[in-house]
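Undergrad: Okay, here's the prediction I keep looking at, along with the sequence it came from:
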Amino acid sequence: AAALARAAAGGARARAEGGGGAPAAPLRLLDAKAEQRAAIALARVRLGDAAIVEAVLACDADALAPARLELVLRAARRDAEAAAALAVAPGDAPRLSRASQFHRALAARVPDAARRLEGLSFAQRVEQSTRNLNDDFRVLARACEQIGRSERLARLLERVLALGNALNAGSARGGARGFLVTDLPAAARLRGAAGSEFPTLAHFLVASATRDGEAHTIDAEDEVPDLEAAARCQPDAWRAAVLDLRARAAALAAAVAAARAAAVPGCRFVATMAAPAERARAAVDALEERRLATEARFRRLAASFGDD
C-alpha cells in the first residue's frame with residue numbers, strides 16, 4: 001500500500017510538472033534492494049517480459065528450464081506487489097522501473113503468478129528430491145542389515161560388553177546385558193593411567209582382541225560395505241525434508257485448483273500440472289512410508305545392542 005501510494009504520488013507530480021527538464025525518475029513499487037535483485041535476475045533470464053509471460057502460461061519447460069525458472073521466480077513478487085503494479089495508472093506505466101514493469105506484465109496475464117511459478121519449479125525438482133531421499137533410505141537399510149548379520153562384529157561387541165562389566169564390577173552399572181551403541185565413542189575418551197602402554201580404553205580393547213586373533217578379522221569395508229555412506233545420512237533432517245515436500249505438493253495442487261477456477265485463456269497450467277501434482281502427492285506419501293520403515297529398522301537395530 002505504501003509503495004502504491006508513493007507511485008501514485010510520483011505520477012501525479014510528474015503530470016503536474018508537465019514536460020521539459022530532466023526525465024522523471026522511474027516509479028518503483030519495491031524497496032531499492034528488492035528492485036535491484038529483481039532487475040539482476042531478469043537481466044540473466046535474457047527473455048523479454050512478453051516471452052516470459054507466454055512461457056509461464058504455456059508451462060514451456062524448454063523456455064523455462066530449471067535455472068531460468070529459478071531466476072524468474074526470484075524476480076516475481078507476491079500478490080501485494082502484483083496488485084500495486086496493476087493499480088498504477090496507464091499513463092504512468094511507462095515510467096515504472098524495469099522490475100515493476102515485469103511485475104505488471106506478469107500480473108496482468110497470470111493470476112497468482114508466484115504460486116504457479118513455485119509449482120512449476122517444484123514439479124521440475126520433486127523427482128530428484130525423492131530419489132535422493134530414497135537413496136539415503138536404501139543405504140541406511142542396507143547398513144542395518146549388514147551390521148545385524150555380522151557375527152564378527154557381534155563377537156567384538158561382546159568383548160566390549162565384557163570389558164565394560166569388568167570395569168564396572170561391584171557397581172550398579174555392572175552385570176549389564178547390553179549397552180547403547182552411542183556409548184561406544186566413550187571408549188576412545190576414557191584415558192589410561194599415566195605411563196600406561198594403552199593411552200585409552202579403545203587402545204586396550206584393540207590390543208587384547210589382537211592377541212586373541214580377532215581384531216584383524218574386523219574390516220569395516222568388508223564387514224559393512226555401506227557403513228561410510230550410511231554415516232553421512234542425516235535421519236534427523238529426513239522428517240523436515242519430507243514435510244517440506246508435502247507442503248510443496250499441496251501448494252502445487254492448490255495452484256492447479258486456482259488455475260482451473262480462473263480459466264485464463266491460453267493457460268495450460270491445469271493441463272500440464274494436474275497429473276504431476278497427483279504424482280507428487282503419491283510420491284511423497286510413499287516417501288513418508290519408507291522414511292518411517294527405515295527409521296523403525298534403525299531403532300530396532302540400536303535397541304538390539306542394549307539392555308532392552
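TA: Yep, that arrived. Numbering: from 1, shown residues only.
Undergrad: what about Arg191, how many neighbours?
TA: Arg191: 11 surrounding residues under other C-beta atoms under 10 Å. The way it works is simple: take the backbone N, C-alpha and C, and place the C-beta from them, glycine included.
Undergrad: same thing with Pro90?
TA: Here the count is done by other C-beta under 10 Å, and Pro90 has 6 residues near it.
Undergrad: Also Val56?
TA: Neighbours of Val56 under the rule other C-beta under 10 Å: 24.
Undergrad: got a list of what it touches?
TA: The neighbours of Val56, taking C-beta atoms under 8 Å, 6 or more residues apart in numbering as the test, are Leu64, Val72, Leu106, Val110, Ala113, Arg116, Leu117, Leu120.
Undergrad: switch to 6 Å and redo it
TA: Residues near Val56 by C-beta atoms under 6 Å, 6 or more residues apart in numbering: Val110.
Undergrad: and if you look at Cys59?
TA: Residues in contact with Cys59 (C-beta under 6 Å, 6+ apart) are Arg268, Phe269, Thr272.
Undergrad: Need phi/psi at the closest residue to the last one other than its chain neighbours.
TA: The one in question is Thr272. Among residues not flanking Thr272 along the chain, Cys59 sits closest, at 3.9 Å (C-beta to C-beta, 6 or more residues apart in numbering). In terms of degrees, to the nearest 10, the main-chain angles of Cys59 are phi 50, psi 50.
Undergrad: Next one: Cys59, what pLDDT does it get?
TA: The per-residue pLDDT reported for Cys59 equals 95.
Undergrad: Ok, Arg291 next?
TA: Looking at Arg291, its pLDDT reads 95.
Undergrad: before we move on, what about Val242?
TA: On the pLDDT scale, Val242 gets 96.
Undergrad: swap in Ala55?
TA: Ala55 is assigned 96 on the pLDDT scale.
Undergrad: do the same with Ala143
TA: Ala143 carries a pLDDT value of 92.
Undergrad: Remind me which helix or strand it belongs to.
TA: helix 113-148 (DSSP states H and E).
Undergrad: Report the contact partners of the closest residue to Ala143 other than its chain neighbours.
TA: Of all residues not flanking Ala143 in the chain, Ala230 sits nearest, at 3.6 Å (C-beta to C-beta, 6+ apart). Taking C-beta under 6 Å, 6+ apart, we find Ala230 in contact with Val139, Leu140, Ala143.
Undergrad: What strand or helix carries Ala230?
TA: Ala230 belongs to helix 227-231 when assigned by DSSP H and E.
Undergrad: Could you give me the buried positions within that helix?
TA: Ala230 (16 or more other C-beta atoms under 10 Å).
Undergrad: Next: stretch 131-138.
TA: Within stretch 131-138, the residues that count as buried by 16+ other C-beta under 10 Å are Leu133, Asn134, Asp136, Phe137.
Undergrad: Provide a list of residues in contact with Arg109.
TA: By C-beta under 6 Å, 6+ apart, the contact list for Arg109 reads Val53.
Undergrad: any idea how far Leu57 is from it?
TA: 7 Å (C-beta to C-beta, to the nearest Å).
Undergrad: Then Ala186?
TA: With distances taken as C-beta to C-beta, Ala186 is found 62 Å from Leu57.
Undergrad: Look at the two and report which has more neighbours.
TA: More neighbours surround Leu57 than the other of Ala186 and Leu57, with 18 against 14 (other C-beta under 10 Å).
Undergrad: Skipping its backbone neighbours, what lies nearest the more buried one in space?
TA: Closest to Leu57 by C-beta to C-beta, 6+ apart is Cys267, at 4.9 Å.
Undergrad: Can you verify that neighbour is assigned to a helix?
TA: No: counting by DSSP: H, G, I helix; E, B strand; the rest coil, Cys267 is not found in a helix; it is coil.
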